[in-house]
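> Sequence and computational prediction follow.
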Amino acid sequence: MFLREHLDWFCTSIHLLAQHLSIELIFEAKYAASGSASPYNSMGRVIAVANQKGGVGKTTTAINLAASFAAAEVNTLLVDCDPQSNATSGLGFVKDPERVSSYHLLMGAATAEEALLTTELDQLWLIPSHKNLIGANLELVDADGREFRLRDALAPLRDRFQFVVLDCPPALDLLTLNALVAADAVLIPMQGEYFALEGISELLDTIERIRGALNPELAIEGVVLTMFDKRANLAQQVMTELENFFGEKLCRTTVPRNIRLAEAPSHGKAALVYDPRSKGAESYIKLAKEIIERQPLAVSPQPAVNLTTLAVPAQVVGAEEQSANSTVRTEEHKGDAAVEEIAPAAKMDKSA
Ligand code: ATP
Ligand code: MG
């Protein structure tokens, strides 16, 4: 039994390591080939995960994409912009009205620094939400610069994170507007179903209007098919239709319907921590690679990519060999780490 557990841990760790290496080798190959700087030290790219349609996989995508960036040793911040707070609970944080949250950021009652929480993954931070965020829609209705609140609040953190992922609510309300104004790009999860395109023109119109008035640089990062069953004829037809509609913007990676992705949030974990060998975890790691490969080259000096930070747990290698920077925390740290409040800037800047 004891040996069996160790063997399981070992397999998991090797699997995570292999995924790490392949992500990092892509980074290295890309930047070595181009002779350009790595994006490791660049200003963060802010990606809003948005679709006003409910239940299409926004939160699942936001959590698992952010976790996959962090697993590639890239400092990543996930911001829960939805009063449902599913990204917050999905990373293991219980409801707490006293905790500083995205509501306080929008209301100007706290700084982003004060709202940061550490998570189970060393390079993933969270700004949580709370259901009182729903009130911000009304409370800000007459406020000056109400659409710029989130952008301005996140500005001081942008050079500390290579990716900032914003999980939006299922509405084109002031909260989503704030996210789209704060974002460099929007990632649109869509379900491969008959009504997939329903409402999408409204979202594209909104993006167009935001470009015209509030955020001229807002790009479409991509459209990702979620809960996708590639064997179903209908799913294939929808995919062809989306290819015709979105062209290159349709991500090559599709996310299959996978029970582990649905189970992981109830354990307060990203899928790559809950079950790194699952198809769901693998698909989001692939999506992260695809998005990383799409990024424009940055201009800052290139720090060495650390290929030696292994995700091997202490039980396997001996606690003393466990790297202080290991990407997934060891078993004995799990749980308490998820509710630890942070974190002065000095502790955060691991790769910058
Ligand atoms: P909302 O619009 O309410 O914010 P959402 O767009 O954020 O919803 P999710 O909460 O991510 O959607 O997903 C809706 C439901 O589908 C959840 O129960 C989630 O666990 C499940 N789910 C999402 N993606 C998958 C998947 N690929 N495989 C299986 N279940 C999934
Ligand atoms: Mg959601």
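Noted; the coordinates are in hand. As the structure is a prediction and not an experimental result, all values here were calculated from the model. Ligands and ions are numbered 1, 2, ... in the order given.
> Wondering if the helix or strand that contains Leu77 reaches ligand 2 at all.
Per DSSP states H and E, Leu77 falls inside strand 76-80. No: using Cβ under 5 Å from the ion, strand 76-80 stays clear of ligand 2, with a minimum separation of 8.9 Å. C-beta: built from backbone N, CA, C; applies to glycine.
> Then stretch 170-183?
No: Stretch 170-183 stays clear of ligand 2 (Cβ under 5 Å from the ion), getting no nearer than 6.6 Å.
> Can you pull the residues of the protein lying near ligand 2?
Residues of the chain lying near ligand 2 (Cβ under 5 Å from the ion): 58-59, 86.
> Strands of the chain, residue ranges please.
Here the chain has its strands, by DSSP state E, at 45-49, 76-80, 117-118, 124-127, 163-167, 185-191, 219-226.
> surely Asn132 meets Asp96?
No: the criterion here is Cβ atoms under 8 Å, and Asn132 misses it with Asp96 at 11.1 Å.
> Could I get the contacting residues of Ala48?
Under the criterion of Cβ atoms under 8 Å, 6 or more residues apart in numbering, the neighbours of Ala48 are 81, 166, 168, 176, 179-180, 182-183, 185-187.
> Setting aside sequence neighbours, what's the nearest residue to it?
Once flanking residues are discounted, Ala48 sits nearest to Ala183: 3.9 Å by Cβ to Cβ, 6 or more residues apart in numbering.
> Tell me the spacing between the one you found and ligand 1.
16 Å (Cβ to the nearest ligand atom, to the nearest Å).
> For that residue, grab phi and psi.
The phi/psi pair for Ala183 (degrees, to the nearest 10) reads phi -90, psi 150.
> hang on, isn't it packed against Val79?
No: using Cβ under 8 Å, Ala183 is not in contact with Val79, being 10.3 Å away.
> anything in contact with each of those two?
Leu166.
> Could you check which of these two is surrounded by more residues?
Legend: neighbour count by other Cβ atoms under 10 Å for Ala183 and Val79, higher for Val79 (32 against 29).
> so what's the more buried one bridging to?
Taking DSSP bridges as the rule, Val79 bridges to Ile127, Leu166.
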